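Student: Can you look at this prediction? I've put the sequence above it.
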Amino acid sequence: MNELTLLDEDVKEGIGIEKEYAEPIEVEKGAIRRYAETIMDLNPLYIDEKYAQSRGFSSVVAPPLFLCGFPPTELRPPIPEGLTGVHGGDEWELFRPVAAGDVITRKGKLANIIERVGSSGRMVFLTMEVDFTNQQEELVARYRPTVIYRPKPEVK
């Protein structure tokens, strides 16, 4: 780390390098139902298998942001001591429904690092990009989370 940057230069070398990570997600009916109940959306597509099948699906369908329960923590590069992070936002693109019985794999990369100086000091915006694909290798979703890092405040 130098005085012009909060991160070591080798962290930036990781931009764009794709990684497959974590175990595949085996989507289960019970998990879909619990998620639907948690978000208080009892759409019959999410909880009634016969209804979902009558609409052309193989089983119950997961609500749109069901996959948000599987964050890409493995993609974050090592952050130097002395920095603290806050969640800066999420961007989702949804391409295909996810149904019970699907097996979802994730590949991701560090997409971008931007350093800025704001009114409160230096900050680093770290953006990752994760592709979720099903067992037919169809892209079902793309997720872009941003984490903002800044120096930890001094304790007096």
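Tutor: Arrived safely, thanks for sending. For clarity, every value in this text was computed on a predicted model and none was experimentally measured.

Student: buried ones in the biggest strand by length in the chain?
Tutor: Counting residues, the longest strand in the chain under DSSP state E turns out to be strand 103-118. Using 16 or more other CB atoms under 10 Å as the test for burial, strand 103-118 gives Ile104, Thr105, Arg106, Gly108, Lys109, Leu110, Ala111, Ile113. Glycine gets a C-beta too; all of them are placed from N, C-alpha and C.

Student: what about the helices in the protein?
Tutor: Remark: helices of the chain, listed N- to C-terminal, are 9-12, 29-38, 44-47, 49-54; assignment by DSSP state H.

Student: My understanding was that Ile114 contacts Thr146; is that so?
Tutor: No - assessed by CB atoms under 8 Å, Ile114 is found out of contact with Thr146, at 9.3 Å.

Student: So what's the residue count around His87?
Tutor: The criterion is other CB atoms under 10 Å. On that basis, His87 has 10 neighbouring residues.

Student: separation between it and Phe125?
Tutor: Going from His87 to Phe125 by CB to CB, to the nearest Å gives 12 Å.

Student: returning to what we had before: between the buried residues of strand 103-118, which sits nearest Ser119?
Tutor: Taking CB to CB as the measure, Ser119 sits nearest to Ile113 out of the buried residues of strand 103-118, at 20.8 Å.

Student: Please tell me how far the closest one sits from Pro63.
Tutor: Distance from Ile113 to Pro63, by CB to CB: 32 Å.

Student: likewise Thr146?
Tutor: When CB to CB is applied, the distance between Thr146 and Pro63 equals 23 Å.

Student: cool, and Ser54?
Tutor: If you measure Ser54 against Pro63 using CB to CB, the figure is 19 Å.

Student: Tell me where the chain has strands.
Tutor: All strands of the chain, identified by DSSP E, fall at 19-26, 83-94, 103-118, 121-133, 139-151.

Student: what does stretch 11-30 rub up against?
Tutor: By CB atoms under 8 Å, 6 or more residues apart in numbering, the residues outside stretch 11-30 that reach it are 49, 59-60, 62, 66-67, 70, 72, 74-75, 77-78, 98-113.
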